[in-house]
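Peer 1: Any chance you can model this:
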Amino acid sequence: MDIKGKEILVTGGAGFIGSNLVVRLAKENHVYVVDDLQTGSIRNLSSVYSDIDFVKDRVINLKDYCFDPDYIFHIGLYSSSPMYKENPYLVGDLVKDMISVLELARKKNSMVVYASTSSIYNGVKPPHREDVIPYVTDFYTEARYSTERISELYSKLYNINVSAMRFFSVYGYNERSKKKFANLVSQFMWDMHEGKQPVIYGDGEQRRDFVFVDDVVDALINAAMYNSGFNVYNVGTGKNYSLNDLVKKLNEHLKTNIKAKYVENPMAKTYVHETLADTKKAEEKIKFKAKIGLDEGIDKLIKYYGY
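Peer 2: Residues are numbered from 1 along each chain as shown. Have a look, this model is predicted:
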């Protein structure tokens, strides 16, 4: 099912996940995109650019515009842990941006669906359930958990429907603009296609729940359609792979024979060693279940890049 005939605001809509969402929504809705293009690209929206209204600006400035959305998809959040390690002031920026979104939702009675992260589960034994108490281990985790708490508060005070979507390791189309912050599936594929060794921190036995971006878009739309009140949902597949497994699969699909380069992990103290989504809540509450496995996702990307 898809949303039809609605006014929709997407922050970060020129970025990796946001652009995939916008392309889907723009078919049958009036879509506004707000993006400052720090890690996004207008090229990601080339197929729908004439059908949307694009604003180059920061999320904190939403109050300066006359948006009246039925739905707000807040995807424009700094999405990589190293960004916060380099600049811890991003924690404050993230919370301010979240409040900017929630204030607009409060005034316009909009439903909010936004990007949280599975990094919140760092240190928690998998499979990861939404109701566990998270360990705060770094600036990135603190920033994202703070957005969940402030969203829950707004929902309770103002009766706003908010879905916090805890993305696991998302990969897929339109990821080039993220460069060094792209998912490991894409980074490894780019390197191996060029004959380069993919770089792995540690021994490669760390495990990730890789979820394809098409499935993530389904989850976002389903949350908008089915959620009520404040809820947190995992967006993953319920299956994980080691990075050594990933390199092996990429070699098989690319028909290469490239070995990984193993290096010391500079973030060993806060590094996430395993992610694995418990998908029961998302399946029951918003009728979401990922359809695309890792092998199929890799094949889709190989065709997309023409490798």
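Peer 1: for V232, helix, strand, or coil?
Peer 2: For V232, the assignment made with DSSP: H, G, I helix; E, B strand; the rest coil gives strand.
Peer 1: hang on, isn't it packed against R166?
Peer 2: Yes - if you go by Cβ atoms under 8 Å, V232 and R166 touch, sitting 6.2 Å apart. C-beta: built from backbone N, CA, C; applies to glycine.
Peer 1: residues shared between the contacts of these two?
Peer 2: Counting by Cβ atoms under 8 Å, 6 or more residues apart in numbering, the common neighbours of V232 and R166 are 116, 130.
Peer 1: Of the two, give the one with the bigger neighbour count.
Peer 2: R166 (24 against 19; other Cβ atoms under 10 Å).
Peer 1: any idea how far that one lies from H128?
Peer 2: From R166 across to H128, the span is 8 Å (Cβ to Cβ, to the nearest Å).
Peer 1: Burial check on the nearest residue to L104 once chain neighbours are set aside, number of neighbours?
Peer 2: Leaving aside its chain neighbours, L104 sits nearest to L62 (5.2 Å; criterion: Cβ to Cβ, 6 or more residues apart in numbering). Neighbours of L62 under the rule other Cβ under 10 Å: 22.
Peer 1: isn't there a strand covering L62?
Peer 2: No - L62: not assigned to a strand; according to three-state DSSP it is helix.
Peer 1: Output the contacting helices and strands for the helix or strand bottoming out on mean pLDDT in the chain.
Peer 2: Across the helices and strands of the chain, the lowest-confidence element by mean pLDDT, DSSP states H and E is helix 81-86, at a mean of 75. Helices and strands touching helix 81-86, as assessed by 3 or more Cβ pairs under 8 Å, 6 or more residues apart in numbering; DSSP states H and E, comprise helix 90-108, helix 139-158.
Peer 1: Report all helices and strands that the last one contacts.
Peer 2: So the one you mean is helix 139-158. helix 81-86, helix 90-108, strand 111-117, strand 162-167, strand 230-235.
Peer 1: The first one too?
Peer 2: Counting contacts by 3+ Cβ pairs under 8 Å, 6+ apart, helix 90-108 is packed against strand 7-11, strand 71-74, helix 81-86, strand 111-117, helix 139-158.
Peer 1: would you list those in TSV and tack on mean neighbour count and distance to Y32?
Peer 2: TSV is the format used below for the helices and strands packed on helix 90-108 (neighbours: other Cβ atoms under 10 Å; distance: least, Cβ to Cβ, whole Å):
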stretch	mean neighbour count	distance to Y32
strand 7-11	25	5
strand 71-74	28	10
helix 81-86	16	25
strand 111-117	25	14
helix 139-158	19	21
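Peer 1: for the ones you listed, which one sits closest to V132?
Peer 2: Checking those against V132 by Cβ to Cβ gives helix 139-158 as the closest, at 11.8 Å.
Peer 1: sorry, back to before: what's the residue nearest to L104 in contact with, if anything?
Peer 2: 9, 11, 34, 100-101, 103-104 are the contacts of L62 under Cβ under 8 Å, 6+ apart.
Peer 1: try 7 Å this time
Peer 2: 34, 100-101, 104 (Cβ atoms under 7 Å, 6 or more residues apart in numbering).
Peer 1: again, but for G229
Peer 2: Contacts of G229 (Cβ under 7 Å, 6+ apart): 155, 161.
Peer 1: give me the element L37 is part of.
Peer 2: Secondary structure from DSSP states H and E places L37 outside every helix and strand.
Peer 1: Need the phi and psi values for it.
Peer 2: Note on L37: its backbone torsions stand at phi 60, psi 30 [degrees, to the nearest 10].
Peer 1: got it, and H128?
Peer 2: Taking degrees, to the nearest 10 as the convention, H128 sits at phi -90, psi 120.
Peer 1: Please name the spatially closest residue to it (chain neighbours excluded).
Peer 2: The nearest residue in space to H128 (Cβ to Cβ, 6+ apart) is Y121, at 4.2 Å.
Peer 1: Tally up the residues packed near V34, please.
Peer 2: 26.
Peer 1: Could you measure from it over to I286?
Peer 2: 25 Å.
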